[in-house]
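Undergrad: Sequence unavailable; structure follows:
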């Protein structure tokens, strides 16, 4: 939603009944593109809730620096829910947990069942969930140009394994979530230590092998490091009830009714094309170039 809101607000901003609805338009456009590109068997969307999570209860400063979104962001949210309802896409959320924890639980359970899982997010925190069956596709430009982050890609970028990303954040901190990690220990040192010792816990078992200055930083900040690891760990055991075998299908009447109500005429045309093509075998080697002026160009904003 944030990516759609800020992306569309940089350019074309549709107005409906006097209200700016760029976020709804952008979200709808990306959703159509995602379905077209991935042809998912199952498609799920998760949201945070207004209630505090267990992380907020454990740390009053957790994400405290984040500013409230503009008012015209919040008034569009009900239409995002209406859009997802028109697609009959399950929306999962649970008080006390972040949407990340729901995603972590679903991905973990799907991994156990040997499903091929794609997490679509701009948040690199999800790298800790990556496995042979689970990959992260970032919202960083056009979806089809993104290389999914699997174990090899994560190792190539960070020099450590996906499962070590929690320990990495425990040490270097996370400014977006407002926790500091081990002050004075930067990414290069953290990576080197994890390459040598594997985990945060094992680093503490080998403090005498560290350089004196680095040792002192870890010694005096152990409680903080352990606390940060708790904050950084995405849960994989949220008591969320969902059948991973529920199949995703298009529902043309409902979706077209919503898009027409919002006067997204170009998206109605795209949905018709999607509905026509979705049942056809996908030909990856034959990519049709978009015409100039096609609304797909709007996706470049994201």
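TA: That came through fine. In this text, all values refer to a predicted model and were calculated from it rather than measured experimentally.

Undergrad: Let me see the contact set for residue 47.
TA: 91-93, 99 (Cβ atoms under 8 Å, 6 or more residues apart in numbering). For every residue, glycine as well, the C-beta is placed using N, CA and C.

Undergrad: In contact with the most centrally placed residue in the chain: list those residues for me.
TA: Residue closest to the average C-alpha location in the chain (Cα atoms, centre = their mean): residue 121, at 2.5 Å. Taking Cβ under 8 Å, 6+ apart as the criterion, residue 121 is in contact with 103, 136-139.

Undergrad: can you check residue 180 too?
TA: Listed by Cβ under 8 Å, 6+ apart, the contact partners of residue 180 are 173, 224, 228.

Undergrad: between the residues you listed, which is closest to residue 69?
TA: residue 173 (24.2 Å; Cβ to Cβ).

Undergrad: Leaving aside the residues adjacent along the chain, what's closest to the closest one?
TA: residue 181 (3.0 Å; Cβ to Cβ, 6 or more residues apart in numbering).

Undergrad: just residue 267 next, same as before
TA: Sequence neighbours aside, residue 259 is the residue nearest to residue 267 in space, at 5.1 Å (criterion: Cβ to Cβ, 6+ apart).

Undergrad: So that neighbour lies in a strand, does it not?
TA: No - under the criterion used here (DSSP: H, G, I helix; E, B strand; the rest coil), residue 259 is helix, not part of a strand.

Undergrad: any idea how far it lies from residue 251?
TA: 12 Å (Cβ to Cβ, to the nearest Å).

Undergrad: For this structure, give me the ranges with low pLDDT.
TA: For the chain, the stretches flagged by pLDDT under 70 are 8-11, 279-302.

Undergrad: Okay, domains of it per the record?
TA: 1-94+248-302, 162-232 (automatic domain parsing).

Undergrad: of those, which approaches residue 143 most closely?
TA: Closest to residue 143 of the domains of the chain is domain 1-94+248-302 (Cβ to Cβ; 5.3 Å).

Undergrad: roughly how far is that closest one from the heart of the chain?
TA: 13 Å (Cα atoms, centre = their mean, to the nearest Å).

Undergrad: Going along the chain, name the strands of the stretch 1-150 of the chain.
TA: Listed in chain order, the strands of the stretch 1-150 of the chain (DSSP state E, counting those that start in this stretch) span 15-16, 19-20, 45-46, 91-92, 117-120, 134-137.

Undergrad: Switch those strands over to JSON lines; also include mean neighbour count.
TA: As requested, the strands of the stretch 1-150 of the chain are exported to JSON lines (neighbours: other Cβ atoms under 10 Å):
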{"stretch": "strand 15-16", "mean neighbour count": "12"}
{"stretch": "strand 19-20", "mean neighbour count": "16"}
{"stretch": "strand 45-46", "mean neighbour count": "20"}
{"stretch": "strand 91-92", "mean neighbour count": "15"}
{"stretch": "strand 117-120", "mean neighbour count": "20"}
{"stretch": "strand 134-137", "mean neighbour count": "23"}
